[in-house]
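**Q** only geometry, no sequence info:
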């Protein structure tokens with residue numbers, strides 16, 4: 001009996017040591033599947049470095065990072081979110097596209113993270129971009145504005161000291177550059193969103209942010225005289241040969257290469273463009289706010305906000321939430337924004353600049369006319385796709401503007417469906 005009691009005490013002691021060791025050991029969170037859509041090499045490098053830094057700070061998490069070309073990513077992600085192989089963390093865009101995911105029950109509600117970490121304060125500027133029906137479904141990680149990037153040397157060769165500041169100046173610049181053998185404005189119209197940016201700015205400068213928002217919200221007809229006026233102004237640019245004849249066969253990256261090679265004078269792009277500018281061109285490429293058209297309109301800007309999300313069907317939500325908390329820190333947010341050529345969304349994160357100066361930040365703060373996301377983000381998917389196709393058709397045949405507008409008006413009548421934002425659909429249970 002004594003021997004038996006002795007063995008029992010020894011066994012209990014060994015068990016205690018095992019339990020102590022188990023408690024002291026780090027908890028391994030399993031695999032965290034992270035999927036990001038990337039536009040170019042600079043974004044690929046920025047996201048890779050960002051995830052590597054998260055891994056270094058969280059060595060117990062096994063991270064699997066998948067980077068996909070953005071065009072393919074936007075096509076395949078919606079279906080992936082419906083299945084059991086949905087990513088744990090992924091990037092997307094604020095606006096109607098995020099809202100439709102939230103209302104469809106495809107996004108995890110992260111309102112508790114916002115409340116526990118006072119993100120309403122830290123992300124005050126972009127809280128609305130993360131909110132649907134009073135709840136938060138995203139962490140905004142960057143926002144940026146658009147404008148004309150131009151080459152000083154090319155413009156100077158035709159007698160221009162800077163980018164045009166008004167519509168008349170834009171037409172003059174196009175004429176001078178075209179006569180000198182340059183493409184005045186590089187345009188990657190094959191990518192509908194790059195073409196739609198021209199509509200965004202022409203409409204914002206002509207009609208203002210309120211009417212523009214009414215159009216993308218389905219409350220203003222495409223047959224409205226104000227919308228037609230925007231397209232007729234656009235037609236003046238096309239007739240003035242501001243864009244290359246093969247713009248519809250050129251994508252956004254191809255347009256950038258035209259500028260880099262010195263074949264084009266200007267390109268309309270988001271400030272993320274600045275992260276791609278080669279070192280040899282940093283001193284001769286600059287940024288200018290999109291020209292004034294109607295001086296009576298307060299200056300409004302397109303300021304897309306990009307977001308991180310946790311999928312409703314995510315298998316590793318615990319580590320996904322650790323990822324969002326890491327991404328929300330001012331240091332991580334600032335570093336990623338700098339690498340992306342954008343601005344941090346955390347108000348405590350320092351704006352560290354890009355390869356260009358920081359005048360672009362002032363453009364956002366001076367946008368007295370308001371901010372919009374972008375045509376393809378603010379309009380529902382069906383309307384956005386039809387609208388961008390219509391813009392491509394218009395660019396191909398500018399004289400058919402009325403035909404295009406009639407078609408878009410017809411699509412608008414069925415593309416908008418009433419939604420109840422107060423109660424996003426509950427997510428289906430995922431197998432774990």
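**A** Cool, the structure landed. Source: prediction; values computed, not measured.

**Q** domains in this structure, as residue ranges please.
**A** With domains defined by automatic domain parsing, the chain comprises 30-143+304-348, 146-302+361-415.

**Q** Using TSV, lay out those together with mean neighbour count and mean pLDDT.
**A** No exception for glycine: its C-beta is placed from N, CA and C like everyone else's. Below are these laid out as TSV (neighbours: other CB atoms under 10 Å; pLDDT from 0 to 100):
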stretch	mean neighbour count	mean pLDDT
domain 30-143+304-348	19	95
domain 146-302+361-415	19	95
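
**Q** So residue 302 sits against residue 374, correct?
**A** Yes. Here residue 302 reaches residue 374: they are 5.4 Å apart, a contact under CB atoms under 8 Å.

**Q** Identify the residue nearest residue 368 in space, chain neighbours excluded?
**A** residue 298 (4.4 Å; CB to CB, 6 or more residues apart in numbering).

**Q** sorry, back to before: now for residue 302 and residue 374: what residues contact both?
**A** Here residue 302 and residue 374 share the contacting residues 197, 200, scored by CB atoms under 8 Å, 6 or more residues apart in numbering.

**Q** Need phi/psi at the closest residue to residue 110 other than its chain neighbours.
**A** Nearest residue to residue 110 in three dimensions, chain neighbours excluded: residue 136, at 5.6 Å (CB to CB, 6+ apart). Dihedral pair for residue 136: phi -100, psi 140, per degrees, to the nearest 10.

**Q** Could I get the contacting residues of residue 255?
**A** Per CB under 8 Å, 6+ apart, neighbours of residue 255: 186-188, 194, 247, 264, 267, 269.

**Q** cool, residue 323 as well?
**A** Residues near residue 323 by CB under 8 Å, 6+ apart: 32, 34, 54, 88-89, 308.

**Q** rerun at 6 Å
**A** For residue 323, the contacting residues are residue 89, by CB atoms under 6 Å, 6 or more residues apart in numbering.

**Q** Kindly report the same for residue 269.
**A** residue 149.

**Q** hey, what's the residue nearest to residue 110 bridged with?
**A** As for beta bridges, residue 136 partners with residue 131 under DSSP bridges.

**Q** Distance from the chain centre to stretch 310-318, please.
**A** The chain centroid and the centroid of stretch 310-318 are separated by 22 Å under CA atoms, centre = their mean, to the nearest Å.

**Q** Same check on stretch 162-178?
**A** The answer for stretch 162-178 is 28 Å, by CA atoms, centre = their mean.

**Q** Also stretch 373-380?
**A** Relative to the chain's own centre, stretch 373-380 is displaced by 11 Å; criterion: CA atoms, centre = their mean.

**Q** Identify all contacting residues around that stretch.
**A** So stretch 373-380 is contacted by 93-97, 193, 196, 199-200, 216, 302, 304, 384, 415 (CB under 6 Å, 6+ apart).

**Q** re the thing from before, quickly name whichever of the contacts of residue 255 is closest to residue 59.
**A** When the contacts of residue 255 are compared for distance to residue 59 (CB to CB), residue 269 wins out at 38.0 Å.

**Q** Who does that closest one form a beta bridge with?
**A** Bridge pairing for residue 269 - DSSP bridges - gives residue 147.

**Q** and residue 305, backbone torsions?
**A** phi -120, psi 130.

**Q** Show me what it is bridged to.
**A** Bridge pairing for residue 305 - DSSP bridges - gives residue 143.

**Q** Isn't it up against residue 143?
**A** Yes. Between residue 305 and residue 143 there is a contact at 4.2 Å, judged by CB atoms under 6 Å.

**Q** just checking, what packs against the one helix or strand residue 393 maps to?
**A** Taking DSSP states H and E as the criterion, residue 393 maps to helix 381-396. Judged by 3 or more CB pairs under 6 Å, 6 or more residues apart in numbering; DSSP states H and E, helix 381-396 is in contact with helix 192-216, helix 401-415.

**Q** could those be laid out in JSON lines, adding distance to residue 257?
**A** Shown next, in JSON lines, are these (distance: least, CB to CB, whole Å):
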{"stretch": "helix 192-216", "distance to residue 257": "13"}
{"stretch": "helix 401-415", "distance to residue 257": "29"}
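
**Q** For residue 40, see how far away the most centrally placed residue in the chain is.
**A** Closest residue to the average C-alpha location of the chain: residue 306 at 4.0 Å, with CA atoms, centre = their mean. Taking CB to CB, to the nearest Å as the criterion, residue 306 is separated from residue 40 by 14 Å.

**Q** How about residues contacting the helix or strand residue 360 falls within?
**A** Following DSSP H and E, the helix or strand that holds residue 360 is helix 359-365. If you take CB under 6 Å, 6+ apart as the criterion, helix 359-365 is touched by 145, 271, 287, 289, 303, 351.

**Q** so the third one, which of the three states?
**A** In this case it means residue 287. Secondary structure, DSSP: H, G, I helix; E, B strand; the rest coil: residue 287 is strand.
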